[in-house]
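In: A structural model of the following input is requested.
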Amino acid sequence: QLQLVESGGGLVQPGGSLRLSCAASGFTLSYYAIGWFRQAPGKEREGVSCISSRNGSTNYADSVKGRFTISRDNAKNTVYLQTGSLKPEDTAVYYCKAVLGYRNYWGQGTQVTVSS
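Out: Numbers count the residues shown, from 1 in each chain. Got it, this is the predicted structure:
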(Lines give C-alpha, C1' and ligand atoms only; values in the text may rest on other atoms or scores of the structure.)
Protein backbone atom coordinates (compact mmCIF):
# COMPACT_ATOMS: atom_id res chain seq x y z
CA GLN A 1 0.00 0.00 0.00
CA LEU A 2 1.38 3.39 -1.03
CA GLN A 3 1.08 5.97 1.68
CA LEU A 4 2.64 8.92 3.46
CA VAL A 5 2.32 9.27 7.20
CA GLU A 6 3.09 12.46 9.09
CA SER A 7 3.93 12.51 12.77
CA GLY A 8 5.55 14.71 15.37
CA GLY A 9 2.88 17.32 15.85
CA GLY A 10 1.59 18.42 19.22
CA LEU A 11 1.07 21.29 21.61
CA VAL A 12 4.06 23.56 22.14
CA GLN A 13 4.60 26.93 23.78
CA PRO A 14 5.58 29.97 21.73
CA GLY A 15 9.28 29.90 21.04
CA GLY A 16 9.38 26.13 21.13
CA SER A 17 10.16 23.61 18.43
CA LEU A 18 8.88 20.38 16.96
CA ARG A 19 10.29 17.97 14.41
CA LEU A 20 7.69 16.77 11.98
CA SER A 21 8.26 13.54 10.07
CA CYS A 22 6.86 12.39 6.75
CA ALA A 23 7.45 8.67 6.27
CA ALA A 24 6.68 6.80 3.07
CA SER A 25 5.69 3.20 2.63
CA GLY A 26 5.30 1.33 -0.62
CA PHE A 27 7.53 3.68 -2.62
CA THR A 28 10.99 5.26 -2.47
CA LEU A 29 10.76 8.80 -1.22
CA SER A 30 14.19 9.84 -2.50
CA TYR A 31 12.88 9.85 -6.08
CA TYR A 32 10.16 12.36 -5.21
CA ALA A 33 10.10 16.08 -4.62
CA ILE A 34 8.54 16.67 -1.21
CA GLY A 35 6.52 19.61 -0.03
CA TRP A 36 5.27 20.53 3.40
CA PHE A 37 1.98 22.43 3.53
CA ARG A 38 -0.21 23.67 6.32
CA GLN A 39 -3.81 24.64 6.78
CA ALA A 40 -5.10 26.72 9.63
CA PRO A 41 -8.81 26.79 10.55
CA GLY A 42 -10.75 28.93 8.10
CA LYS A 43 -7.74 29.44 5.85
CA GLU A 44 -6.53 27.93 2.61
CA ARG A 45 -3.76 25.38 2.54
CA GLU A 46 -0.41 27.05 2.00
CA GLY A 47 3.04 25.86 1.03
CA VAL A 48 5.64 25.95 3.78
CA SER A 49 8.74 24.30 2.37
CA CYS A 50 9.91 21.91 -0.30
CA ILE A 51 12.95 19.84 -1.15
CA SER A 52 13.92 18.56 -4.58
CA SER A 53 14.73 14.98 -5.42
CA ARG A 54 17.74 15.65 -7.63
CA ASN A 55 20.09 17.90 -5.68
CA GLY A 56 18.27 18.43 -2.41
CA SER A 57 17.68 22.11 -3.06
CA THR A 58 15.20 23.66 -0.67
CA ASN A 59 12.74 26.51 -0.56
CA TYR A 60 10.80 28.14 2.24
CA ALA A 61 7.84 30.43 2.59
CA ASP A 62 8.85 33.86 3.81
CA SER A 63 6.81 33.32 6.96
CA VAL A 64 9.02 30.41 8.09
CA LYS A 65 12.37 31.28 6.54
CA GLY A 66 15.13 31.10 9.13
CA ARG A 67 12.93 29.17 11.56
CA PHE A 68 12.11 25.92 9.74
CA THR A 69 14.45 23.44 8.06
CA ILE A 70 13.48 20.66 5.66
CA SER A 71 15.70 17.62 5.25
CA ARG A 72 15.76 14.04 3.99
CA ASP A 73 16.92 10.76 5.48
CA ASN A 74 16.85 8.40 2.53
CA ALA A 75 17.90 5.43 4.65
CA LYS A 76 14.71 5.91 6.68
CA ASN A 77 12.60 6.84 3.65
CA THR A 78 11.58 9.93 5.58
CA VAL A 79 11.53 13.69 5.16
CA TYR A 80 11.62 15.99 8.17
CA LEU A 81 10.51 19.51 8.90
CA GLN A 82 12.36 20.91 11.87
CA THR A 83 10.40 23.83 13.23
CA GLY A 84 11.72 26.43 15.64
CA SER A 85 10.85 29.75 17.25
CA LEU A 86 7.24 28.73 16.85
CA LYS A 87 4.54 31.38 16.92
CA PRO A 88 0.80 31.08 17.54
CA GLU A 89 0.25 31.82 13.86
CA ASP A 90 2.10 28.60 13.01
CA THR A 91 -0.84 26.67 14.43
CA ALA A 92 -2.23 24.45 11.69
CA VAL A 93 -2.52 20.94 10.37
CA TYR A 94 0.73 20.18 8.57
CA TYR A 95 0.71 17.92 5.53
CA CYS A 96 3.42 16.48 3.34
CA LYS A 97 3.09 15.77 -0.35
CA ALA A 98 5.30 13.65 -2.59
CA VAL A 99 5.44 14.43 -6.31
CA LEU A 100 7.06 12.57 -9.19
CA GLY A 101 5.68 13.44 -12.61
CA TYR A 102 1.99 12.61 -12.59
CA ARG A 103 2.28 10.70 -9.33
CA ASN A 104 1.49 12.56 -6.16
CA TYR A 105 0.60 11.44 -2.66
CA TRP A 106 -0.66 13.32 0.38
CA GLY A 107 -0.39 12.34 4.00
CA GLN A 108 -3.24 12.63 6.48
CA GLY A 109 -1.71 15.55 8.36
CA THR A 110 -0.41 16.22 11.85
CA GLN A 111 -1.72 18.95 14.13
CA VAL A 112 0.65 21.60 15.44
CA THR A 113 -0.73 23.91 18.11
CA VAL A 114 1.36 26.78 19.43
CA SER A 115 -0.13 28.20 22.59
CA SER A 116 0.82 29.24 26.09
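
In: and the residue nearest the centre of the chain, backbone torsions?
Out: Geometric centre of the chain, nearest residue: residue 36, 3.4 Å, by CA atoms, centre = their mean. With angles defined as degrees, to the nearest 10, residue 36 sits at phi -110, psi 130.

In: residue 58 is in contact with that one, correct?
Out: No: when contacts are counted by CB atoms under 8 Å, residue 36 is not listed as touching residue 58 (10.5 Å). In short, each C-beta sits where N, CA and C put it, glycine included.

In: find residues that contact each of the two.
Out: 49-50, 70 (CB atoms under 8 Å, 6 or more residues apart in numbering).

In: which of these lies closest to residue 87?
Out: The closest of these to residue 87 turns out to be residue 49 (CB to CB; 15.8 Å).

In: output the lowest mean pLDDT helix or strand found in this protein.
Out: When the helices and strands of the chain are scored by mean pLDDT, DSSP states H and E, strand 103-106 comes last with a mean of 94.

In: which strands or helices does that strand pack on?
Out: strand 3-7, strand 92-100 (3 or more CB pairs under 8 Å, 6 or more residues apart in numbering; DSSP states H and E).

In: average model confidence for the longest one?
Out: Regarding strand 92-100, the rounded mean pLDDT is 97.

In: which positions in that strand come out as buried?
Out: The neighbour-count check on strand 92-100 (16 or more other CB atoms under 10 Å) flags 92-98 as buried.

In: what's the farthest-apart pair in the residues you listed?
Out: 92 and 98 (19.4 Å).

In: tell me the strands beside the helix or strand harbouring residue 19, with direction?
Out: Assigned by DSSP states H and E, residue 19 belongs to strand 18-25. Using DSSP bridges, strand 18-25 pairs in its sheet with strand 3-7 (antiparallel), strand 78-83 (antiparallel).

In: hmm, back to that, what about the shared contacts of residue 36 and residue 58, which are in strands?
Out: 49-50, 70 (DSSP state E).
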